[in-house]
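Engineer: Fold the following for me, if possible:
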Amino acid sequence: VLSFIIFICYIASLAASFMMAPLLEFLLALFLFFAYASKLNEKFKGLYWPLADFLRCVTAAIIYFAISIAAVSKYNDGASKAAGVFGFIATIVFAIDFYITFNDLVTVLKQGTSDPPEGRKSEDEDSDSDSD
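Structural biologist: Numbering: from 1, shown residues only. The predicted model follows:
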């Protein structure tokens, strides 16, 4: 929702050249929302979905921070200032989201690496020694 508001603000401002970043972020967030809602993430196991969500949050926070600084410092109209302020709020929201997603990602990866691999024999089973 915040990305859509920022997109509308950039359309109405003199900084219309920045409108592509919030539009792409809005569409990507919408795609991931529908992918999780329709259980598409369970059907396509080839893509690691939590990592994709984490990378989306990190890149969105960085891009929103950069274009918000440019919009607030370079343009003087009210819509550009509003888009910049909403962009800073979006930066904070995405930073919190990638922190939470990172903690979930680390927990999942720790659980995945602590399981012993199946099909692996112990040293006692693998030795062909006849010295017993």
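Engineer: from here on, contacts and neighbour counts on C-alpha atoms
Structural biologist: Noted.
Engineer: low-confidence ranges in the chain?
Structural biologist: Under the criterion pLDDT under 70, the flagged ranges of the chain are 113-132.
Engineer: Determine the longest helix present in it.
Structural biologist: helix 78-114 (DSSP state H).
Engineer: Enumerate the positions of it that are buried.
Structural biologist: Residues of helix 78-114 classed as buried by neighbour count (16 or more other CA atoms under 10 Å): 79-91, 93-95, 97-98, 101-102, 105.
Engineer: Likewise for stretch 49-66?
Structural biologist: 49, 53-54, 56-61, 63-65.
Engineer: Check stretch 18-30 too.
Structural biologist: Residues 18-19, 21-23, 25-26, 29 are the ones in stretch 18-30 that count as buried (16+ other CA under 10 Å).
Engineer: pretty sure P22 contacts I6?
Structural biologist: Yes. P22 lies in contact with I6 (CA atoms under 8 Å); the separation is 6.4 Å.
Engineer: Give me the common contacts of the two.
Structural biologist: Common neighbours of P22 and I6, counting by CA atoms under 8 Å, 6 or more residues apart in numbering, are absent.
Engineer: No further queries at this time; thank you.
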